[in-house]
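[1] Model the following, please.
(chains A and B)
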Amino acid sequence: MNKYLTAYYLDEEDLLKGLKKIKSKGVEVADVLTPFPVHGLDKVLGLRRSRLSIIAFAGGAIGATLGFLFQAWVFTRAYPINFGGKPYFAVPSFMPVTFELAVLFAAFSMVFAFLISNNLGPGSKNIIHDEQITDDRFLLVVKMDEEDDEKVKAVEIILSDAGAQGITLKA
Amino acid sequence: MYVSPIREPLIKGGKDYSQVTKDIMAPMAGKPSIYWYVGIAISGGALLFGAWATFVTVYYGIGSWGLNKTVGWAWDITNFVWWVGIGHAGTFISAILLLFRQKWRTSINRSAEAMTLIAIACAGFFPLIHMGRIALGFFIFPYPNTRELWVNFNSPLLWDVFALTTYFLVSLIFWYVGLIPDIGTVRDKAKNKIRKAIYGFLSFGWTGSAKHWSRHETVSLILAGLAAPLVLSVHTIVSFDFATSVIPGWHTTIFPPYFVSGAVFSGFAMVLTLLIVTRKALNLEQYITKVHIESMTKIIILTGSIVGIAYITEFFMAWYSGVEYEQYAFMNRAFGPYAWAYWIMMTCNVITPQLFWFKKIRTNLVAVFIISIFVNIGMWFERFVIIVTSLHRDYLPSSWTMYTPTVAEVGLYVGTFGLFFTLFMVFIRVFPVIAIAEVKSVLKSSSDEKKHTHHE
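    Next up is the predicted model:
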């Protein structure tokens, strides 16, 4: 069974200082839950920069291409109509729709990727470790693999030395 | 961290994080106040008037409006452009100010974005109802049909369809992505089971994990990067509705920037009108402070001055072009039968906003409120002047005519006000009006408390 040790701070600067201490003692912190994005946290936890921007670019490129090709197909192949002598393949007047579709596809592909990669969505059943983390608590979660009481004790001491409060063991 | 001594704190009252949560969620808790019921009753009444006008328009057709063969576009398109413009402030605040790292946006972006969404809905109503057969509204989308016909991709009216649809959808997800963490807060604070279940569903299972926050920040930044050019494109395309027509007074290249700045101008005025009341009614004066109000009035000076220069440039270009039709259109605007509308526009848009140069006026809430309403009126008249004065005296003097709206047209406009305020008042009861997480993230660097510890 997976067990967790959780402990919290009430201030983001204490959290960052404490985290550095805990990490230096070799304790693996699985996650940190905060009420707002804390700057510098990604560095301490060693998180990589998000690659969602690549998905946004790809989505935008697909949207622009599909939008442009569709308009070109409609006006030159599917049903060419002469609108006041304007050219059939009217590139400048395809631009607004092409641009709008690029933005639409980029935004939606990125947001869906964001939700999927975070396992967020309607009816998502993520574990809520502590209901205070959306208010004023900065909670850290340490995974304890074995039921080794000694090791749990040792980690507990490291956490309390680093100034963390409310240390609890959860199943 | 260095804190500039000149800058005033963004959040007043030396709050801590849980106090912020409590304060911002207070308007959602308990029973609404008597003012809320009075407000919803008035806006509900306006909405009913609009429903009646919609019925009349659909039942009797566009003939129930004051349009004639010379003036084929009037209040409906005026209202459409006006509402779209109002929406622009929300995106400007949430996207462009985010890219410029303006931290004061955090107190006002949520409500301004909600305003954007509602304003786009109000705007979209007008072209739909003007189609006459509202049930066939879906004809505007290119879908495979038995006639094998597609839409006209050369038409700015069709570009409008794409621009507004995209604008609405992108604004919606931008707003909702920002809301997810705050809905998480509402969920965690909910005491009764049903409320917890509903907000739990809406919060998408938000946990506040560091990795999620890091992705959330990336997504917000890129959505801002996408929404910024989008908002400029939307009003550019709206201005193309006029600029691509060969009508004196419309056929000018100045329209896109002129319309975009006018949109931001009127949008900020509406944000001010709404927030000056909202902050008072919801006791959020320590979050939406005079600093916020002042910053917005400064944007109004900037955009209002751009609009003023555009008016003068138009006049100059009409003279300089040497085209007598163009010259007549402008002389007719300023001195013709609709001169009163033109001078209302000039007074409200060019003269009154210049009062914001005085700090005394910028910080006087009553004055700001009144001037913001002047701007709202002025910007409505700007669209009315552009549309009706250019049309009512066309190339053939025998077709010259005047235009007067009917009760049904007035009803449709009043009805969108009803829709706007009703939905806004529902919004303040359902979601946090201020982005809780974002306010917390700027709290330390700009609160009273921090300042004192730095100076003492």
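[2] can you tell if the strand or helix carrying residue B:219 touches chain A?
    Secondary-structure assignment from DSSP states H and E places residue B:219 in helix B:210-243. Yes. Using CB under 8 Å from any CB of the partner chain, we find that helix B:210-243 touches chain A at B:210-219, B:222-223, B:226-227, B:229-230, B:233, B:237, B:240. Every C-beta, even on glycine, is put in place using the N, C-alpha and C of the backbone.
[3] Pull out the buried members of these.
    For the residues of helix B:210-243 next to chain A, burial is judged from neighbour counts taken by 16 or more other CB atoms under 10 Å in any protein chain shown, and it is met by B:210-216, B:218-219, B:222-223, B:226-227, B:230, B:233, B:237, B:240.
[4] how about stretch A:24-37: buried residues?
    Applying a neighbour-count criterion of 16+ other CB under 10 Å, one finds A:27, A:29, A:31-37 buried in stretch A:24-37.
[5] Stretch B:271-289 too?
    B:271-276, B:278-279, B:282, B:284, B:286-289.
[6] again, but for stretch A:103-110
    With burial defined by 16+ other CB under 10 Å, the residues of stretch A:103-110 counted as buried are A:103-110.
[7] Now look at it and say if it contacts chain B.
    Yes. Stretch A:103-110 is in contact with chain B by CB under 8 Å from any CB, via A:103-104, A:106-108, A:110.
[8] show me what contacts the nearest residue to residue B:204 once chain neighbours are set aside?
    Once flanking residues are discounted, residue B:204 sits nearest to residue A:120: 4.1 Å by CB to CB, 6 or more residues apart in numbering or on different chains. Applying CB atoms under 8 Å, 6 or more residues apart in numbering or on different chains, we find residue A:120 in contact with A:114, A:126, B:180, B:204-206, B:212.
[9] before we move on, the earlier item: out of the buried residues of stretch A:103-110, which comes closest to residue B:338?
    Out of these, the one with the shortest distance to residue B:338 is residue A:103. That distance is 37.5 Å, counting by CB to CB.
[10] so which strand or helix has the closest one?
    The secondary structure element spanning residue A:103 is helix A:91-117 (assigned by DSSP H and E).
[11] tell me the domain ranges of chain A?
    In the domain annotation for chain A, the residue ranges read A:3-35+A:135-170, A:52-117 (automatic domain parsing).
[12] sorry, back to before: of the buried residues of stretch A:24-37, which one scores lowest on pLDDT?
    Sorting the buried residues of stretch A:24-37 by confidence puts residue A:27 at the bottom, with a pLDDT of 81.
[13] Now do the phi/psi pair for that one.
    With angles defined as degrees, to the nearest 10, residue A:27 sits at phi -90, psi 130.
[14] about what we covered before: following the chain past the helix holding residue B:219, name the next helix or strand.
    Helices and strands here follow DSSP H and E; after helix B:210-243, the next one along the chain is helix B:255-281.
[15] Packing partners of that next one?
    Based on contacts counted as 3 or more CB pairs under 8 Å, 6 or more residues apart in numbering or on different chains; DSSP states H and E, the elements that helix B:255-281 packs against are helix B:75-91, helix B:109-130, helix B:210-243, helix B:290-321, helix B:365-384.
[16] For residue B:19, which residues are in contact?
    Under the criterion of CB under 8 Å, 6+ apart, residue B:19 has no contact partners.
[17] so which helix or strand takes in it?
    With the criterion set as DSSP H and E, the secondary-structure element containing residue B:19 is helix B:17-25.
[18] contacting residues around residue B:141?
    Applying CB under 8 Å, 6+ apart to residue B:141 gives the contacts B:151, B:161.
[19] Quick check: closest non-adjacent residue to residue A:142.
    Residue nearest to residue A:142 in three dimensions, not counting chain neighbours: residue A:5, with 4.4 Å by CB to CB, 6+ apart.
[20] Need phi/psi at the closest residue to chain A within chain B.
    Closest to chain A within chain B is residue B:205: 3.1 Å, counting by CB to the nearest CB. With angles defined as degrees, to the nearest 10, residue B:205 shows backbone torsions of phi 70, psi 40.
[21] Using the three-state scheme, assign the spatially closest residue to it that is not a sequence neighbour.
    For residue B:205, the nearest residue in space outside its immediate sequence neighbours is residue A:124; the separation is 3.1 Å by CB to CB, 6+ apart. The three-state assignment at residue A:124 reads coil, by DSSP: H, G, I helix; E, B strand; the rest coil.
[22] where does residue A:124 fall, phi/psi-wise?
    Note on residue A:124: its backbone torsions stand at phi -70, psi 140 [degrees, to the nearest 10].
[23] That one contacts residue B:204, doesn't it?
    Yes. A contact is recorded between residue A:124 and residue B:204 when judged using CB atoms under 8 Å, the distance being 5.6 Å.
[24] the more surrounded of the two?
    residue B:204 (23 against 16; other CB atoms under 10 Å in any protein chain shown).
[25] how close does the more buried one get to residue A:119?
    Computed as CB to CB, to the nearest Å, the residue B:204 to residue A:119 distance reads 9 Å.
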